[in-house]
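# got a predicted model here, sequence first, then my questions.
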Amino acid sequence: MHNLGGLAAGYAVATVARCDVIDRRTIAIEIGMQNSGLGVTLANQFFQPLAALPGALFSLWHNLSGIALARHWSRKATFVASEA
């Protein structure tokens, strides 16, 4: 849910800012993808190893959803007006 909300919010904000399609997609991916490596590292350092599991699973979800969205968008044509 958090990840999907970030992807949608990034795309929406970029749309409101009148970015082109490629920039919208880039901003959506940047906002939607989160790095949970720090959480996993801190959990391993200060808690039992099982405490790192949620961060690791969340990281896996972010990677899979990002790949799925990028693949979906790669199949759609994008038209960007060239600067003349």
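Here it is on my side, so go on. Worth saying up front: this structure is predicted, and the values here are computed from it rather than measured.

# going forward, measure contacts and count neighbours with C-alpha atoms only.
Fine.

# show me where this structure has helices.
Assigned by DSSP state H, the chain shows helices spanning 2-16, 21-32, 37-46, 53-74.

# helices or strands next to the lowest-mean-pLDDT helix or strand in the chain in the packing?
Lowest by mean pLDDT, DSSP states H and E among the helices and strands of the chain is helix 37-46, with a mean of 84. Helices and strands touching helix 37-46, by 3 or more Cα pairs under 8 Å, 6 or more residues apart in numbering; DSSP states H and E, are helix 53-74.

# which parts of the helix it packs on are buried?
55-56, 58-59, 62, 65-66 (16 or more other Cα atoms under 10 Å).

# so where's the chain uncertain?
Within the chain, the segments meeting pLDDT under 70 span 1, 35, 77-84.

# go again using 90 as the cut-off
1-7, 29-45, 48-70, 72-84 (pLDDT under 90).

# show me the contacts for the residue nearest to residue 28 when sequence neighbours are not counted.
Excluding the flanking residues, the one nearest residue 28 by Cα to Cα, 6 or more residues apart in numbering is residue 10, at 4.1 Å. Residues near residue 10 by Cα atoms under 8 Å, 6 or more residues apart in numbering: 24, 27-32.

# let's see 10 Å
The contact partners of residue 10, taken as Cα atoms under 10 Å, 6 or more residues apart in numbering, are 4, 24-32.

# and residue 36, how close does it get to residue 11?
Separation of residue 36 from residue 11 (Cα to Cα, to the nearest Å) stands at 22 Å.

# which of the two has more neighbours?
residue 11 (24 against 17; other Cα atoms under 10 Å).

# now that one: closest residue in space, sequence neighbours ignored.
Residue 11 sits nearest to residue 28 (Cα to Cα, 6+ apart), 4.7 Å away.

# can you pull the contacts of the one you found?
4-14, 22, 66, 69.

# now with 7 Å?
7-8, 10-11 (Cα atoms under 7 Å, 6 or more residues apart in numbering).

# quick one: it from residue 40, how far?
24 Å.

# name the residues that touch stretch 11-19?
24-25, 27-28.

# in TSV: these, plus distance to residue 73.
Below are the contacts of stretch 11-19 laid out as TSV (distance: Cα to Cα, whole Å):
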residue	distance to residue 73
24	11
25	8
27	13
28	12
